[in-house]
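coordinates only, sequence not included:
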Ligand code: GDP
């Protein structure tokens, strides 16, 4: 069997195992390294040959988009990752880094259950870091932290271990202050969502040089802080990458600490949907019922030269299939689903089968859908409007 076919088969199998799915976003202040990190994860998960190729692919797509006058501000990618002998399907919804895209960031956050917040170690938490953390928490999305560009602290700023640890602790403290400030007012969050090195919800490293560490990874590899500083000082980055690859550290963190849809949806649905919580549809969404009514939330509209408009989003309930006639919130009449697919790496793969609840789907035929639309087989209360949840004030339900 060809490599591509094998990966598709693997993804298809995992689609039916909601425990193994993680829907996540990477969110960051512009230039803090989100793109570099994403490419790295894809390469590390074996979805593309290497990160340089990924960058090339992304750039090619952008050029193509520019030529056709289309701007796509959110790329969606999926990958598989083995953690503790279990394979996982990790769907990554990209969030635009620019603050003007606030609405899009929120839409992307709605489709995911975990957000990896990337902060540049040199710059520290910036205004957009605060914005993305707020947006994630407001949507009931659990945060984790990756402190990037740590190579610069060592090689450029020549910081010693104490100075460096202090700086990393300051970044963690700033992010936690934001998290604490918001979660204190969220009665429905029972767990402590602040990030911590000890818990393994903080990673740090270099997306550029492809190495990363977390406390669990250091325990596993036996590498100390001192080893890392020494190797980076000596510019032995390839060795650092081989001994502690960034993608493993980050994807392990995702698999271990971000909730799967079964855990996330019962908690998130009441936050993002204000319909009748006694209804069947509410129950279907809370239980991620693949046999229930269809509820799909569109997060992004892209363009494919052959297939036309591609609507990407999260299936909250039911199973999305070719040929279904679905309502699109805010429009009259129904749209017919022409094809359904999933992402494999950065590429869309059409499937002969349906995409069940808990997954991210790429759909054609939903011509009336816009980013933010609720798509369903029965008329229903749409998800909360973006404007409402974008308000800076936290509202308790
Ligand atoms: P984005 O705007 O958050 O997507 O940021 P990019 O991934 O495009 O990175 C912005 C710039 O920072 C680029 O020039 C990258 O090469 C650089 N960069 C990203 N990660 C690192 C890192 O870990 N170390 C260093 N030194 N530079 C990095």
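That came through, no problem. Being a predicted model, the structure only gives us computed values, none of them experimental. Residues are numbered from 1 along each chain as shown.

and residue 22, how many neighbours?
The burial count assigned to residue 22 is 24, neighbours taken as other C-beta atoms under 10 Å. C-beta here means a position set from N, CA and C on the backbone, and glycine is covered the same way.

Can you tell me the SS state at it?
Assigned with DSSP: H, G, I helix; E, B strand; the rest coil, residue 22 falls in the strand class.

For it, give me its contacts.
By C-beta atoms under 8 Å, 6 or more residues apart in numbering, residue 22 lies in contact with 88-91, 113-114, 254-255, 258-260.

give me that answer again for 7 Å
88, 90, 114, 254-255, 258, 260 (C-beta atoms under 7 Å, 6 or more residues apart in numbering).

In PyMOL, how would I select the buried members of these?
Buried residues within the contacts of residue 22, by 16 or more other C-beta atoms under 10 Å, are selected in PyMOL with:
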select buried, resi 88+90+114+254+255+258+260
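
Just the ones of the contacts of residue 22 in helices?
Among the contacts of residue 22, the members found in helices (DSSP state H) are 254-255.

could I get the contacts of residue 22 as TSV with pLDDT?
Formatted as TSV, the contacts of residue 22 follow (pLDDT from 0 to 100):
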residue	pLDDT
88	96
90	94
114	97
254	97
255	97
258	98
260	98
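
need the residues of the chain near the ligand, please.
Proximity of the chain to the ligand (C-beta under 6 Å from any ligand atom) is limited to residues 28, 30-36, 97, 148-149, 151-152, 206-208.

which pair in those spans the largest distance?
Spatial extent of those (C-beta to C-beta) is set by the pair 97 and 151 at 20.5 Å.

Of the contacts of residue 22, which belong to strands?
Those of the contacts of residue 22 mapping onto strands are 88, 90, 114, per DSSP state E.

correct me, but the last one touches residue 258?
In this case it means residue 114. Yes - in this structure, residue 114 is within contact of residue 258 by C-beta atoms under 7 Å, at 2.9 Å.

who touches both of the two?
What both residue 114 and residue 258 touch, as defined by C-beta under 7 Å, 6+ apart, is the set 22, 24, 142, 144.

Give me the phi and psi for the closest residue to the ligand within the stretch 51-200 of the chain.
Nearest to the ligand, among the residues of the stretch 51-200 of the chain, is residue 149, at 3.9 Å (C-beta to the nearest ligand atom). Taking degrees, to the nearest 10, you get phi 60, psi 30 for the backbone angles of residue 149.

what pLDDT does it get?
Looking at residue 149, its pLDDT stands at 98.

That one reaches residue 121, doesn't it?
Yes - if you go by C-beta under 7 Å, residue 149 and residue 121 touch, sitting 5.1 Å apart.
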